[in-house]
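Q: next come a sequence and a model predicted from it.
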Amino acid sequence: MESLIATYPSDFFPRHELTLEGRQRSFRGVGRFDLLFRDHFGFSVLMELKAVPARYEDASQLARYRDAMLALGDARILMWLVAPSIPASVCEFLDHVGIEHTEIHVAEFKRVATNRDYQFAQRAELSSLDLFNANDGGSDLAGEAKSRPREPTRIITPRRTTAVESYGEEIRKSAAKGGSTRGTAENREQLQCAKLLDILRDYIHRPFDATMEKYRVSKRMHVDKVIQWSYISRRVLGLPAFRNDRVGPTFALKHTVDLFIADKTISELSARQLLSRYQYIGKAYSMSNLERDKPIS
């Protein structure tokens, strides 16, 4: 199964331009990963394949690979788990910690193999297919794909308006005047920046209420202007600006967040900081450099 995905990634993930960069390589003291791709955003995509239903422990394994890649100086990393079935509770946990996940059923492997006239020549490949079949939930279609540490950015005084904030203001002014916000990749990116900026400002200005509790926001994190990845994704992924992006909503959101980090509008907190300050395990961002007093459009 690994060989099929490595050779024909576009057949399994048609909206993602993945280029194979390595497979079955080892990190000293960590373990051997399955596949490493590079996407068209320049992210390293490390993919772990499982022939059995996904478990919580698989996230820990991917986290160790991520730490190893960070130690090698690769900061643009996306972890991806593929399995024949992923329980809902595990899906929620993977979303919470920012790990992509996809269910690929045996029927999908057979479809690609047939279309590509691929022959399962090795006994190991046939055994792998049998194992996938035994653990397959029965669907004939692959599921939809469901993304370190930086120190918090200090407040700069006097503060300048960041580029992504200017981006957001420009696209809102254009829309208010009846201008088009669709068509070009630049316009889509501007619109996504504007939408994310609105979500961040809303988070800062909104009092801690029942809506915050519904999204499982920590009150202390809200006071400190620290926003969780899980909150951002739940608020953003359903918006047309992200949902209709050809690379998929999650990839589009991660690219937009990366722009905000590069522009120092937000900064990702380390796992150690989140655990020691908030007893929180997951991904979260400091917004101390985001303009607070400007009203939301």
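A: Arrived safely, thanks for sending.
Q: would you map the helices across this structure?
A: 2-7, 9-12, 56-71, 88-97, 106-115, 123-134, 163-176, 185-205, 210-214, 219-223, 229-236, 240-243, 249-262, 271-278 (DSSP state H).
Q: list the buried residues in the last one.
A: Meaning helix 271-278. Under the neighbour-count criterion of 16 or more other Cβ atoms under 10 Å, helix 271-278 has Ala271, Gln273, Leu274, Tyr278 buried. Where C-beta positions appear, they are placed from N, C-alpha and C, glycine not excepted.
Q: what's the most distant pair in the residues you listed?
A: By the measure Cβ to Cβ, Ala271 and Tyr278 form the most distant pair in these, at 11.2 Å.
Q: between the helices of the chain, which one is closest to Leu20.
A: So among those, helix 2-7 is nearest, using Cβ to Cβ, at 5.5 Å.
Q: lowest-pLDDT helix or strand in the chain?
A: When the helices and strands of the chain are compared on mean pLDDT, DSSP states H and E, helix 163-176 comes out lowest with a mean of 48.
Q: how much space separates Ile77 from Gln228?
A: Taking Cβ to Cβ, to the nearest Å as the measure, Ile77 falls 19 Å from Gln228.
Q: so between the two, which is more surrounded?
A: Gln228 (23 against 18; other Cβ atoms under 10 Å).
Q: check whether that one really touches Met221, as I assumed.
A: Yes - using Cβ atoms under 8 Å, Gln228 makes contact with Met221 at a distance of 6.9 Å.
Q: what touches both of these two?
A: Residues touching both Gln228 and Met221 (Cβ atoms under 8 Å, 6 or more residues apart in numbering): Tyr280, Ala284.
Q: in the stretch 151-297 of the chain, what spans have low per-residue confidence?
A: Filtered on pLDDT under 70, the stretch 151-297 of the chain yields the residue ranges 151-186, 291-297.
Q: so His16 touches Thr250, yeah?
A: No - using Cβ under 8 Å, His16 makes no contact with Thr250, being 10.2 Å away.
Q: look up the closest residue to Asp11, ignoring the ones flanking it.
A: Nearest residue to Asp11, sequence neighbours excluded (Cβ to Cβ, 6 or more residues apart in numbering): Val112, at 4.6 Å.
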